[in-house]
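K.L.:
Model the structure of this input:
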Amino acid sequence: MKLFGAVVLSLLLFGCATKQGVQASRTEECRSISEQEIAALFDRWNQSLQTGDPHKVTANYAETAILLPTVSNQPRLTTAEREDYFQKFLMDRPSGKINSRRIYLGCNSAVDAGLYTFTFARTGAMVAARYTYTYAWDGKQWLITSHHSSAMPEKK
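P.N.:
I've put the predicted structure just below:
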């Protein structure tokens, strides 16, 4: 019985070592992308706002994305929560314009951060805000993995 246990333990350890060896030798293939292509992802998101359809807006987000929105204290962690937020947000017919930005590129990831202004067609209001979008390549498309937006704290 001790011999059987030793053999099983040896096989398990060999399996773990082999599995770790395979994972360690595997290299991730990086999806090539430019700053202009990342900038266009904001345009894609902004155009989805123009449809007035929260489902089309949330299609820009990864399933596990987090949305920390401008006009809500509640983090939106699920597609349903993000759709709920955009259902209300879209009622004022928003349109965003980038004022300034920095884009950082990584392996299958990117960050777009800066300042933008939203104009709301229904009310005519304008809101200046800070933003950060992080993106990841999911093997088919670039999706938002986190989106933080907050109104500028200082009034001019």
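
K.L.:
Only C-alpha atoms from now on, for both contacts and neighbour counts.
P.N.:
OK.

K.L.:
so where is this structure shaky, pLDDT-wise?
P.N.:
1-27, 156 (pLDDT under 70).

K.L.:
Now do the strands in it.
P.N.:
Using DSSP state E, the strands found in the chain span residues 61-68, 94-105, 109-120, 126-137, 142-151.

K.L.:
report the angle between the axes of the first one and strand 142-151?
P.N.:
When you say that, I think you mean strand 61-68. 10 degrees (axes from the mean of the first three to the mean of the last three C-alpha atoms, to 10 degrees).

K.L.:
Give the buried residues for strand 61-68.
P.N.:
Neighbour-count burial for strand 61-68, with 16 or more other C-alpha atoms under 10 Å as criterion, is recorded at 61, 62, 65, 66, 67, 68.

K.L.:
Check these and tell me the two furthest apart.
P.N.:
Greatest spatial distance among the buried residues of strand 61-68 (C-alpha to C-alpha): 62 and 68, at 14.2 Å.

K.L.:
Dump the buried residues of strand 61-68 into CSV; add distance to residue 145 as well.
P.N.:
Below are the buried residues of strand 61-68 laid out as CSV (distance: C-alpha to C-alpha, whole Å):
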residue, distance to residue 145
61, 6
62, 5
65, 4
66, 6
67, 8
68, 11
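
K.L.:
Quick one: closest of the strands of the chain to residue 55.
P.N.:
Residue 55 lies closest to strand 61-68 among these, at 10.3 Å (C-alpha to C-alpha).

K.L.:
circling back to that earlier point, mind checking the strands of the chain for the one nearest to residue 76?
P.N.:
strand 61-68 (4.9 Å).

K.L.:
Can you verify my assumption that residue 95 contacts residue 51?
P.N.:
No. Using C-alpha atoms under 8 Å, residue 95 is not in contact with residue 51; the gap is 10.7 Å.

K.L.:
Between these two, point out the one with more neighbours.
P.N.:
Comparing residue 95 with residue 51 by other C-alpha atoms under 10 Å, the one with more neighbours is residue 95, at 17 against 13.
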